[in-house]
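Enquirer: output the structure for:
(one chain, ligands or ions: 1)
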Amino acid sequence: MRRSFRKTFPSAVRGEGVYVWDTDGKCYLDFSGSAAVNFIGHGVQEIATAMAAQAKQLEFVHSSQFTTPVAEEYAQELLDFAGRNFAGGRVYFTSGGSEAIETSLKMARQYQVEIGQSSRYQVVSRGQSYHGSTLGALTVSGNKRRREMYLPMVREFAHVAFPYCYRCAYDCTDGCRNCGQEYAADLEKAIKAANGQAAAFIFEPVSGATLGAVVPPPGYLQSVAEICRRQGVLLIADEVMTGMGRTGRNFAVEHWDIAPDILVAAKGLSSGYSPLGAVLVTKKVADAIAEGSGAFLHGFTYNCHPISLAAGRAVLKVLRREDLVGAADDQRAGSAAALLKTSLETLRERAAVGDVRGIGLLWGVEFVADKASKKPFAPELNFAGRVGQAAAKRGLMVYPMQGCVDGVAGDHLLIAPPAVITSEEIGWAVKQLGEAIEEAAAQPA
Ligand SMILES: Cc1ncc(COP(=O)(O)O)c(C=O)c1O
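Expert: Numbers count the residues shown, from 1 in each chain. As a prediction, the model looks like this:
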């Protein structure tokens, strides 16, 4: 079953660098890294070689019976990549983001039980967020469209608002510097209202697909981290989209110098070469389980899959050798991210573009029917989808989304190219995107 019965999908057969080809020989520039997945570029042969070598040697063992050298070595490399905060920590490998989020939620619950806080089970999260499509992940997600139908099947915990400066509820003029503290205070209220039952708070450091790369104001995440500490609530950073260099740091939390207890990675972790997710836990969390009941009550048949781990490990090697985190740093002169930022900013001249925001190689372009009032397009127009189609016609792949205003209205695109994108490719892509926006705007309402 394809994602849509109505849409026709080109059939992809080959990838190289920032390009993907379909069966008709048409070439597409992958300006969104699929869905912010591909970071090192398509078709890197050494990843395929590493996967094949692992498959020839040992394709699979079950994690209840064996560990493997690739799991042990790669886990340590990831902990090192995550920095000081994860020294002495542990890594739990999964087959993707949603599984990793489920794992993190259960890990937080078990941690609280192990330290004698068994009344704590709720996970507070943010509205307008996305943490995955399994039922536990949907519980903490705030993406209205993706969860609405399944609401009778999920537990409801508190969702708090967060600073989305272009449409700030406080109508501020300082880039949400002050009101960021109001939003953080709302979290403390929600934790207190949970009456001793809050186990964790989960958040995307930079909002992903749901809001389109909204970057928090200075001070906000630091306050959030401090509140969680004070309230005995674990801090779970969902870096499925922002991790592994995407924002110009190894992990996005480094921009604000905060130290989560649990960090979730996927997407860029294997750059799409194999299904892979990882949950990094600090020594504090791992020790509580190790010295308590001694076993994490959780598991998937395919966690720690050797071939996926070989892919992830080879990706990390490429990412380091080519300094792709540096390429994704928009503060570094001449980097791919700096060029992308400057180029995307030119889209503001278009009548239908209300906001251009983001960090590193993760950007959002929000569309409006009226610039002065920021009035969104009518949702049934599917303006972002129209732009996406007009772009695909021109050989440009972007990631259109709706609902950024209130969960239903609001159109935006996510732009997240592989870090190997060149200045010429950025220039071409932004030119095509500009034309696609004009084509969508010229279509009848
Ligand atoms: C922030 C975030 N968390 C979790 C997920 C779920 O990951 P997956 O689609 O690999 O299950 C996604 C996917 O888009 C995501 O962006």
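
Enquirer: next SSE downstream of the worst-scoring helix or strand of the chain on mean pLDDT?
Expert: Within the chain, confidence by mean pLDDT, DSSP states H and E is lowest for helix 144-147 among all helices and strands, at a mean of 86. Reading on from helix 144-147 to the C-terminus, the next helix or strand found by DSSP states H and E is strand 159-160.

Enquirer: which residues of the stretch 151-300 of the chain lie near the ligand?
Expert: For the stretch 151-300 of the chain, the residues found near the ligand under the criterion Cβ under 6 Å from any ligand atom are Glu204, Gly208, Ala209, Asp238, Val240, Met241, Ala266. Placement of C-beta: from N, CA and C, glycine included.

Enquirer: would you confirm that the third one contacts Pro400?
Expert: Just to be clear, that refers to Ala209. No: shown here, Ala209 and Pro400 do not form a contact pair, counting by Cβ atoms under 8 Å, at 9.8 Å.

Enquirer: in three-state terms, label Gly334 for me.
Expert: coil (DSSP: H, G, I helix; E, B strand; the rest coil).

Enquirer: tell me which element Tyr111 is part of?
Expert: Following DSSP H and E, one finds Tyr111 within helix 97-114.

Enquirer: tell me which other helices or strands that helix touches.
Expert: Secondary structure elements in contact with helix 97-114, counted by 3 or more Cβ pairs under 8 Å, 6 or more residues apart in numbering; DSSP states H and E, are strand 90-94, helix 135-140, strand 198-203, strand 234-239, strand 262-265, strand 277-281, helix 283-291.

Enquirer: least confident of those, on average?
Expert: In terms of average pLDDT, helix 135-140 trails the rest of the helices and strands packed on helix 97-114, at a mean of 95.

Enquirer: mind saving the C-alpha coords of it as PDB?
Expert: Provided in PDB are the C-alpha atoms of helix 135-140 (Å, rounded to 0.1, in the frame of the first residue of the first chain):
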ATOM      1  CA  LEU A 135       0.700   4.800  19.400                       C
ATOM      2  CA  GLY A 136       3.100   5.700  22.300                       C
ATOM      3  CA  ALA A 137       4.900   8.200  20.000                       C
ATOM      4  CA  LEU A 138       1.500   9.600  19.000                       C
ATOM      5  CA  THR A 139       0.600  10.100  22.600                       C
ATOM      6  CA  VAL A 140       3.400  12.600  23.000                       C
END
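
Enquirer: helices or strands next to that helix in the packing?
Expert: With contacts taken as 3+ Cβ pairs under 8 Å, 6+ apart, helix 135-140 sits against helix 97-114, strand 122-126.

Enquirer: tell me which of those lies nearest to the ligand.
Expert: Proximity to the ligand, assessed across the helices and strands packed on helix 135-140 by Cβ to the nearest ligand atom, is greatest for helix 97-114 (2.1 Å).

Enquirer: what's the angle from that closest one to helix 283-291?
Expert: 70 degrees (axes from the mean of the first three to the mean of the last three Cα atoms, to 10 degrees).

Enquirer: between helix 97-114 and strand 277-281, how big is the angle?
Expert: Using the same axes, to 10 degrees, one finds that helix 97-114 and strand 277-281 are set 20 degrees apart in direction.

Enquirer: for the closest residue to the ligand within the stretch 251-400 of the chain, give its distance to Ser274.
Expert: Nearest residue of the stretch 251-400 of the chain to the ligand, counting by Cβ to the nearest ligand atom: Ala266, 4.7 Å away. Note on Ala266: its distance to Ser274, by Cβ to Cβ, to the nearest Å, is 11 Å.

Enquirer: those two: who's more crowded?
Expert: Ala266 (28 against 21; other Cβ atoms under 10 Å).

Enquirer: and the helices in the chain, which stretches?
Expert: In chain order, the chain shows helices spanning 33-36, 45-57, 69-82, 97-114, 135-140, 144-147, 179-193, 220-231, 283-291, 306-321, 324-327, 336-345, 383-393, 423-442, with DSSP state H as the criterion.

Enquirer: hey, least reliable of the ones you listed by pLDDT?
Expert: Between these, the one with the least mean pLDDT is helix 144-147; it has a mean of 86.

Enquirer: tell me which residues are up against that helix.
Expert: Contacts with helix 144-147, where a contact means Cβ atoms under 8 Å, 6 or more residues apart in numbering, come from Tyr130, Ser133, Leu138, Ser141, Val154, Gln402, Gly403, Asp406, Gly407, Val408.

Enquirer: ok, 6 Å please
Expert: Helix 144-147 has contacts (Cβ atoms under 6 Å, 6 or more residues apart in numbering) with Leu138, Ser141, Gly403, Gly407.

Enquirer: which of these has the most neighbours?
Expert: Scoring the contacts of helix 144-147 on neighbours with other Cβ under 10 Å, the highest-scoring entry is Ser141 at 28 neighbours.

Enquirer: if we can go back for a sec, so who does the residue of the stretch 251-400 of the chain closest to the ligand touch?
Expert: Neighbour list for Ala266: Gly96, Gly97, Ala100, Val240, Gly277 [criterion: Cβ under 6 Å, 6+ apart].

Enquirer: what's the nearest residue to the most centrally placed residue in the chain if we skip its chain neighbours?
Expert: Note on the chain: the residue nearest the mean C-alpha position is Met241, at 1.9 Å, using Cα atoms, centre = their mean. Counting by Cβ to Cβ, 6 or more residues apart in numbering, Gly208 is the residue found nearest to Met241 once chain neighbours are left out, at 4.1 Å.

Enquirer: that neighbour and Pro218, how far apart?
Expert: The span separating Gly208 from Pro218 equals 20 Å under the rule Cβ to Cβ.

Enquirer: among these two, which residue is more densely surrounded?
Expert: Summary of the neighbour comparison: Gly208 and Pro218, criterion other Cβ under 10 Å, with Gly208 having more neighbours (30 against 13).

Enquirer: please save the CA atoms from stretch 225-233 in CSV.
Expert: Output for stretch 225-233, consisting of C-alpha atoms alone and laid out as CSV, is shown next (Å, rounded to 0.1, in the frame of the first residue of the first chain):
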residue,chain,number,x,y,z
ALA,A,225,16.2,22.0,31.3
GLU,A,226,16.4,23.7,34.6
ILE,A,227,12.7,23.2,35.4
CYS,A,228,12.9,19.5,34.5
ARG,A,229,15.9,19.1,36.8
ARG,A,230,14.2,20.9,39.7
GLN,A,231,11.0,18.8,39.2
GLY,A,232,12.7,15.4,39.0
VAL,A,233,11.5,15.0,35.4
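
Enquirer: buried set for it?
Expert: When burial is assessed from 16 or more other Cβ atoms under 10 Å, stretch 225-233 yields the following buried residues: Ala225, Ile227, Cys228, Gln231, Val233.
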